[in-house]
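Chemist: okay, structure incoming, though there's no sequence with it:
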């Protein structure tokens, strides 16, 4: 039997700190103990609150809602920002995979309770997994399952072994199941049964923060979970506000309405730094690409796709528009991705080569196409000026792009359904590879989120191999091989990798900027 993680059964200390009840309208702190953190999100709405519904606003929803209200069986250690985060125990204190490579046993952490005081145990775990993965169960919720598809695709069955042990069987070998489970949240079965469809308005998890109130479209208020099994957060209160427009987020920060914003306008970074705001960046697994629709001409031609990749000036976009808050993408993977190898950098800014490739492909006079892109949203940076710059670069070689803006949540709905909105020739969407499963879901032949229809048997073979590789080092080598192939096939326009820029007010203390989509807010306080 292969052991994936074994730790002592002793619980981590739980700090008993009284929760504060201060006003939700002031970002200056003042609540007892750790104060109030108010976040200006790029999302256009508060994400859904029922377990996997947080993904309705992409990674930002999981970051600020899903992983604050709920926990997974495993979790990422986000306590440092120098290296990629390690996978550590969450609601499971240890786990192992059997010699058949498909049977996983998870030993659950004792003493954990949901926010309603009911225990987390094997029955609660299986209840949640049945909601998300067991189509034969009366608990199964197809909508929740589709929203959690990024993390659930490897699970075949889940069953109870004893009160504190469960067993998960995967769909064939699935070496990174434990990584996928870090973002599979667990809600209180008692609350789900009691609330029914209204659970989404009264969520109950085990996470570091508890639900207090929701004003849809305006504000979500969470309060400290004093009984959190990893120790109570310092903050008394966490407030989330959707502010999709960058200038409005900045105004809210400067006025003190919020004390944390995601994705500042790059042009404002210098003045914010001069005013003693904390402007933070770090690399993390992220892509900001266009996904070409290879099911229609001319994007079905690899020479055309390569031409587009040689036509764009990534360095200028990163330096002049993003002001250093992103880095050029000359290949599929970025510096924070497992498998990154700069030997796979294939593209450069070469308009003459782009024109020659277009001529070789039978398009000497170029062509017209359309791009569907979001106006804001998780990981999307500043999409309108970025896409306008790409539009100019591509026009210079004869590729005339009509930009069609789409609201972020609407785009995600289409993407999760495997569609490019409105029949556009390409879609611009923020993506990341925190797990190899995500690579397979966008590049595997016929995969759920392979909206462009890419297919390469060599890539499929590498993806199959990663499912049998039980160390990140092995998988990293395989992903480097995959990146070489995909980069040259060019199913995407490889543009930039985000550096996850965010701005904190001077009185926000204790935050560590990790190399991750996600954040640990338990150490944060507001003076």
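Modeler: Everything's here; your move. Since the model is a prediction, treat every value here as computed from it, not as a measurement. Numbering: from 1, shown residues only.

Chemist: measure the residue nearest to residue 420 when sequence neighbours are not counted to residue 59 for me?
Modeler: Residue nearest to residue 420 in three dimensions, not counting chain neighbours: residue 427, with 4.7 Å by C-beta to C-beta, 6 or more residues apart in numbering. C-beta coordinates here come from the backbone N, C-alpha and C atoms, glycine included. For residue 427, the distance to residue 59 equals 17 Å [C-beta to C-beta, to the nearest Å].

Chemist: number of nearby residues for residue 453?
Modeler: Around residue 453 there are 18 other residues, counting by other C-beta atoms under 10 Å.

Chemist: can you classify it by secondary structure?
Modeler: Secondary structure assignment for residue 453 (DSSP: H, G, I helix; E, B strand; the rest coil): coil.

Chemist: what about the stretch 1-150 of the chain, any weak spots by pLDDT?
Modeler: Along the stretch 1-150 of the chain, the model assigns pLDDT under 70 to residues 1-32, 149-150.

Chemist: one step back: what's the helix or strand for the residue nearest to residue 420?
Modeler: strand 426-428 (DSSP states H and E).

Chemist: what about the strands in the stretch 251-400 of the chain?
Modeler: 260-262, 278-280, 288-292, 326-328, 367-374, 399-406 (DSSP state E, counting those that start in this stretch).

Chemist: give me the buried positions along the last one.
Modeler: Burial within strand 399-406, assessed by neighbour count using 16 or more other C-beta atoms under 10 Å, is assigned to 399, 401, 403, 406.

Chemist: now for the last one: which residues touch it?
Modeler: For residue 406, the set of contacting residues under the criterion of C-beta atoms under 8 Å, 6 or more residues apart in numbering consists of 372, 373, 374, 375, 421, 422.

Chemist: quick one: the third one and residue 381 touch, right?
Modeler: Okay, so that is residue 374. No - Residue 374 is beyond contact range of residue 381, at 10.3 Å (criterion: C-beta atoms under 8 Å).

Chemist: so what sits against both of those two?
Modeler: Contact criterion C-beta under 8 Å, 6+ apart; residues shared by residue 374 and residue 381: residue 430.

Chemist: between these two, which one's more packed in?
Modeler: Relative neighbour count places residue 374 above the other of residue 374 and residue 381, with 29 against 25, counting by other C-beta under 10 Å.

Chemist: quick check: closest non-adjacent residue to that one.
Modeler: Distances taken as C-beta to C-beta, 6+ apart put residue 408 closest to residue 374, at 4.3 Å, once the chain neighbours are dropped.

Chemist: measure that neighbour to residue 242 for me?
Modeler: In terms of C-beta to C-beta, residue 408 sits 10 Å off from residue 242.

Chemist: can you pull up the most central residue in the protein?
Modeler: Closest residue to the average C-alpha location of the chain: residue 59 at 3.1 Å, with C-alpha atoms, centre = their mean.

Chemist: name the SS class of that residue, please.
Modeler: Under the three-state scheme (three-state DSSP), residue 59 adopts helix.

Chemist: how many neighbours does residue 277 have?
Modeler: The number of residues near residue 277, taken as other C-beta under 10 Å, comes to 22.
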